[in-house]
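Chemist: build me a structure from this.
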Amino acid sequence: MRGIDLSKYTILVVDDDEINRTVIRHMLKGVSNSVAMAENGSVAMKYLNDHINQEIILLLDINMPVMDGYEVIRRIRDNKNAYSKVRTIVLSANDQSLFVASGLENEVCAYLQKPIDKEVLIHKMAIATVSNN
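Modeler: Numbers count the residues shown, from 1 in each chain. Below is the predicted model of the structure:
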């Protein structure tokens, strides 16, 4: 994946746990010039709607209050034209089989189980920039 430039992407980290958001932001230092944070899916959707034409890599937790990650993925799926520049990677403490059972696995670029490895995350982000999801 050498040669993939992630600096043109805004990375939106969506997690209800402030420590998780801070850790991921620290992991992303030097990867992107723009890292935004959201504490739930509702705040994330507002951000996506306010930045509709930006290339965004969405790092999305699943279990959150107000609006969970499943609902965010459904809303993106249901309006693919508006969110065509969003690439979603799920970051969750849940076993991946629960996510697969939701039927949404084809709507995301990758699923990573917490704790997240920095090199794996960056690699999956690079792959996401060339995928169609």
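Chemist: could you pull out the helices for the protein?
Modeler: Taking DSSP state H, the helices of the chain run over residues 18-27, 41-50, 69-78, 96-101, 118-128.
Chemist: of all the ones you listed, which lies closest to residue 89?
Modeler: Closest of those to residue 89 is helix 118-128, at 5.7 Å (criterion: CB to CB). Just so you know, the C-beta spots here come from the backbone N, C-alpha and C atoms, and that holds for glycine as well.
Chemist: mind giving me the packing neighbours of the closest one?
Modeler: Identification of packing neighbours for helix 118-128 by 3 or more CB pairs under 8 Å, 6 or more residues apart in numbering; DSSP states H and E yields helix 18-27, strand 56-60, strand 86-92, strand 110-113.
Chemist: dump these into JSON lines; add distance to residue 128 and mean neighbour count as well.
Modeler: JSON lines is the format used below for the helices and strands packed on helix 118-128 (distance: least, CB to CB, whole Å; neighbours: other CB atoms under 10 Å):
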{"stretch": "helix 18-27", "distance to residue 128": "15", "mean neighbour count": "15"}
{"stretch": "strand 56-60", "distance to residue 128": "6", "mean neighbour count": "26"}
{"stretch": "strand 86-92", "distance to residue 128": "4", "mean neighbour count": "23"}
{"stretch": "strand 110-113", "distance to residue 128": "6", "mean neighbour count": "17"}
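Chemist: for the helices of the chain, which has the smallest mean pLDDT value?
Modeler: When those are compared on mean pLDDT, helix 96-101 scores lowest, with a mean of 68.
Chemist: need the helices and strands packed on helix 118-128 in a markdown table (columns: distance to residue 37).
Modeler: Shown next, in a markdown table, are these (distance: least, CB to CB, whole Å):
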| stretch | distance to residue 37 |
| --- | --- |
| helix 18-27 | 5 |
| strand 56-60 | 10 |
| strand 86-92 | 13 |
| strand 110-113 | 18 |
